[in-house]
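Trainee: need a structure here:
(4 chains)
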Number of protein chains: 2
Amino acid sequence: MSHTMREVAERAGVSPATVSRVLNKTQYISPDTEQRVLKVVRELNYYKNVHARRLSTGQSNLFGLVISEIANPYFPEIIRGFQGAAWDKGFDVLLFNTEYSPARTESVIRKLIESDVRGVAIMTSSVDTKTTAELTAAGVGVVFCNLGPPGRLVSNISIDYQRGISQAIEHVVALGHRRTAVIAGPGDNRTAITIRRALIAGLNRHKLNPLPVIDCNYRIDSGASAVRSILSRSERPTVVFCGSDLIAMGAMNALEEEGVQVPDDVSVIGIDDISFAFLARPPLTTISVPRERLGAIAFEALQKLMKLKRQKGAEYYLGTELVIRKSTAPAKQQVSRSVT
Amino acid sequence: MSHTMREVAERAGVSPATVSRVLNKTQYISPDTEQRVLKVVRELNYYKNVHARRLSTGQSNLFGLVISEIANPYFPEIIRGFQGAAWDKGFDVLLFNTEYSPARTESVIRKLIESDVRGVAIMTSSVDTKTTAELTAAGVGVVFCNLGPPGRLVSNISIDYQRGISQAIEHVVALGHRRTAVIAGPGDNRTAITIRRALIAGLNRHKLNPLPVIDCNYRIDSGASAVRSILSRSERPTVVFCGSDLIAMGAMNALEEEGVQVPDDVSVIGIDDISFAFLARPPLTTISVPRERLGAIAFEALQKLMKLKRQKGAEYYLGTELVIRKSTAPAKQQVSRSVT
DNA sequence: CCGGTTTCTGAAACCGGTTTCTTAGCCCTC
DNA sequence: GAGGGCTAAGAAACCGGTTTCAGAAACCGG
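Mentor: So this is what the prediction gives:
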């Protein structure tokens, strides 16, 4: 339905080339002609076709962003950071979710390549190297989060959980806790693995051996069932570290349902500081991850990567920090022994 | 970096036309040739360029989805519903957020037209008619939610809050409440206005005159300040209806901070049933809006709209339903009169 | 064995921009 | 007033697919 550039050109009595030059300011055009063209553009309500532009310039002003699931509250801030940065520079972003399915991931990657994106940020940690290879082979840059080291056309953003975790452990030790448990997240997830390691190492440093270290996925209800399995043991922990806020909230829920008070009976600590963490009852003590910044940096990293094409990518670091709210409290002196 | 169709053609000893036909199955090709082409496609790892395809077919397999803000938990399910439906039919979606800014909305619309989308679903209720006119003028179909009646190339999905609201009011009346308050949402928001009207009408039907009816935006903290202003009055309500779950959660937060117990002292009811509603403390009683379905229907509506081009759009309806959780309880016999 | 179909494939035009190459016209200088 | 250097704008090729049109080959029936 829309008009074409030639129509504009004809109506303004100039050549298409001139219209193009006026619209892109790529060459000086006499003010007279320029005005005439712009007038027609307004009259006709002309929009230039992005696809034609992409085709002829061979440059696609598109970047891809891959996440697992839109409903997971971990992602919104990342998306916003990424989109915001892209928008500021005049780039568009194609958002795809993998729904945790490898098959779907594959289609997504294909779509991205077909769309001729300049680069893609992969914020899921369940991607295999085959996938990234496919992307780089097609000449598109890749940035991911918490996966291997950078390589040709791929950069990595590493979230350093160390600092936040240390703070959390010190906080908990200062409150007098000695019996800890860890619900880490999916056992095959790089991020979850990293977090679990850091947690265990940190606890050991304080001569604490976390009791159950439990695998679960990132859905809320699995935090709940993990907690139930912990409660069924004879020696109950007084604090449980969770691999994500979602898990933590599920855990708090289950705890409450089992009649265990948070934080009076057991303290719980999450990771991420999702926007709802402070709305939880009690407000969740958690290790905050700068997700909006993560998104923004991912975009910048991609831009940089595409500038120095075929160079090796870089490694970026992002810190974390403990946010103390109300889900942690001093350890109870008397540890209940009752086996429910 | 990627290969072109002509390269494939050359390597397979056929013409580009043949390659195109093989890849799109648009015409019968001898098995022999077909295999040869497919083999080369695999060898070269060839991806066809979407932009070229869009350009030459004049069909853009793209749909747009406009929301206010990605971080607002109202939207994820809508996005998922829309994307899911689109994905199933092989369409891609361009997601944009307006950040509540008219200027930004305008750029977004421009981008959508330039991208030659087939249709766009506008899930923000802060859009003016000028905007939709621009879209329809460019021949792209529009579907929105809770805005005016359908017209040429525009359909509307109307969420019928009536049923849910009636249920909520009956629920509350049955619990013995007589003093109600309403925190509706932004006064210039069509949805908020609709909800407020329905609420007041419903309450009047039970001979109840809601006390303060307060405007606020959709951010959490404004639910909190609205509640504070309500508490400062001498006659306190025993139940407050909120125009969204976010407002309700902000309200509960503030209530708790002011030492008012939910639901013992005052009950609160939200609208939307966002995914966190059941995680609130106490779990929120709310009127659920089928948002994933809303997204899916929006897509279907767009498809239908584009099929019978230049026809008048249709009106769709979506029901709502009360979900009773723990934020509502019987009214206190003795109403506190203390002015804090 | 010949004319008429049908089947398979290629040549070329086209989609709507961008960009290179070229030229017409102008100004300036000597 | 002629020649050199600029400037503004057009013609045409091109990006990478799709599709129409046309033709060669194969096939078929009589």
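Trainee: Helices of chain A, residue ranges please.
Mentor: A:5-12, A:16-24, A:31-44, A:50-57, A:76-88, A:102-114, A:129-137, A:162-174, A:190-205, A:220-231, A:245-257, A:291-307 (DSSP state H).
Trainee: Can I get those in a markdown table including mean pLDDT?
Mentor: Output for these, formatted as a markdown table (pLDDT from 0 to 100):
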| stretch | mean pLDDT |
| --- | --- |
| helix A:5-12 | 95 |
| helix A:16-24 | 95 |
| helix A:31-44 | 95 |
| helix A:50-57 | 94 |
| helix A:76-88 | 96 |
| helix A:102-114 | 93 |
| helix A:129-137 | 89 |
| helix A:162-174 | 96 |
| helix A:190-205 | 93 |
| helix A:220-231 | 86 |
| helix A:245-257 | 92 |
| helix A:291-307 | 95 |
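Trainee: could I get these as CSV with mean neighbour count and distance to DNA strand D?
Mentor: (Glycine included, C-beta is placed from N, CA and C.) Output for the helices of chain A, formatted as CSV (neighbours: other CB atoms under 10 Å in any protein chain shown; distance: least, CB to the nearest atom of the strand, whole Å):
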stretch, mean neighbour count, distance to DNA strand D
helix A:5-12, 18, 7
helix A:16-24, 17, 3
helix A:31-44, 15, 3
helix A:50-57, 18, 3
helix A:76-88, 21, 23
helix A:102-114, 18, 9
helix A:129-137, 16, 15
helix A:162-174, 19, 46
helix A:190-205, 18, 34
helix A:220-231, 20, 43
helix A:245-257, 24, 42
helix A:291-307, 21, 17
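Trainee: possible to save those as CSV with distance to chain B?
Mentor: Below are the helices of chain A laid out as CSV (distance: least, CB to the nearest CB, whole Å):
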stretch, distance to chain B
helix A:5-12, 13
helix A:16-24, 11
helix A:31-44, 11
helix A:50-57, 4
helix A:76-88, 4
helix A:102-114, 5
helix A:129-137, 6
helix A:162-174, 22
helix A:190-205, 21
helix A:220-231, 7
helix A:245-257, 5
helix A:291-307, 9
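Trainee: Which stretch among those approaches B:His51 most closely?
Mentor: Nearest to B:His51 among the helices of chain A is helix A:50-57 (4.4 Å), distances taken as CB to CB.
Trainee: residues making contact with that closest one?
Mentor: The contact list for helix A:50-57 (CB atoms under 8 Å, 6 or more residues apart in numbering or on different chains) reads A:60-62, A:116, B:49, B:51-52, B:54-55, B:60, B:114-116.
Trainee: Please repeat the previous calculation with a cut-off of 6 Å.
Mentor: A:60, B:51-52, B:54-55, B:114-115 (CB atoms under 6 Å, 6 or more residues apart in numbering or on different chains).
Trainee: Quick check: the two most widely separated of these?
Mentor: Of all pairs in the contacts of helix A:50-57, the most separated under CB to CB is B:Ala52 and B:Glu114 at 17.0 Å.
Trainee: so what are the domain limits for chain A?
Mentor: With domains defined by automatic domain parsing, chain A comprises A:5-48, A:62-157+A:290-315, A:162-289.
Trainee: what's the straight distance from one end of the last one to the other?
Mentor: Right, domain A:162-289. 11 Å (CA to CA, to the nearest Å).
Trainee: distance between it and the chain's centre?
Mentor: Relative to the centre of its chain, domain A:162-289 is centred 21 Å away, using CA atoms, centre = their mean, to the nearest Å.
Trainee: Also the second one?
Mentor: Going by CA atoms, centre = their mean, the spacing between the C-alpha centre of domain A:62-157+A:290-315 and its chain's C-alpha centre is 10 Å.
Trainee: one step back: possible to save the domains of chain A as CSV with distance to B:Val41?
Mentor: Putting the domains of chain A into CSV (distance: least, CB to CB, whole Å) gives the following:
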stretch, distance to B:Val41
domain A:5-48, 32
domain A:62-157+A:290-315, 13
domain A:162-289, 33
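Trainee: quick one: contacts for the closest residue to DNA strand D within the stretch 101-250 of chain A?
Mentor: DNA strand D sits closest to A:Asp116 of the stretch 101-250 of chain A, with a gap of 8.5 Å, by CB to the nearest atom of the strand. Contacts for A:Asp116 (CB under 6 Å, 6+ apart) come out as A:60, B:49.
Trainee: mind running it again at 10 Å?
Mentor: Contacts for A:Asp116 (CB atoms under 10 Å, 6 or more residues apart in numbering or on different chains) come out as A:54-55, A:58-62, A:138-140, B:1-2, B:47, B:49-52.
Trainee: and A:Val268, what are its bridge partners?
Mentor: A:Val240 (DSSP bridges).
Trainee: wait, it sits on A:Thr285?
Mentor: Yes - A:Val268 is within contact range of A:Thr285, at 7.5 Å (criterion: CB atoms under 10 Å).
Trainee: Mutual contacts of those two, please.
Mentor: A:239, A:248, A:327-328.
Trainee: Which residues does stretch A:160-169 contact?
Mentor: A:146, A:177, A:180, A:191, A:194-195, A:197-199, A:201-203, A:205-206, A:208, A:239, A:241, A:269-271, A:273, A:285-289, A:317-324, A:328.
Trainee: Only the buried subset of those residues, as a PyMOL command please.
Mentor: Remark: buried members of these, expressed as a PyMOL selection using 16 or more other CB atoms under 10 Å in any protein chain shown:
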select buried, chain A and resi 146+177+180+191+194+195+198+199+202+203+208+239+241+269+270+271+273+285+286+287+288+289+318+320+322+323+328
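Trainee: what residues does chain A put near DNA strand C?
Mentor: Taking CB under 7 Å from any atom of the strand, the part of chain A that reaches DNA strand C is made up of A:2-6, A:16-17, A:20-21, A:23-24, A:26, A:48-49, A:52-53, A:55-57.
Trainee: Next, the contact list for A:Lys39, please.
Mentor: A:11-12.
Trainee: try 8 Å this time
Mentor: By CB under 8 Å, 6+ apart, the neighbours of A:Lys39 are A:Ala12.
Trainee: same check, this time on the one 5 residues further on
Mentor: With contact taken as CB under 8 Å, 6+ apart, A:Leu44 is in contact with A:3, A:7-8, A:11.
Trainee: Nearest residue to A:Ser288 in space, please, no chain neighbours.
Mentor: Spatial nearest neighbour of A:Ser288, excluding adjacent residues (CB to CB, 6 or more residues apart in numbering or on different chains): A:Asp273 at 3.4 Å.
Trainee: any idea how far A:Gly202 lies from DNA strand C?
Mentor: Applying CB to the nearest atom of the strand, to the nearest Å, the value for A:Gly202 to DNA strand C is 54 Å.
Trainee: do the same with A:Gly90
Mentor: A:Gly90 is 13 Å from DNA strand C, by CB to the nearest atom of the strand.
Trainee: That residue against A:Leu62, yeah?
Mentor: No - at 11.3 Å, A:Gly90 does not count as touching A:Leu62 under the criterion of CB atoms under 8 Å.
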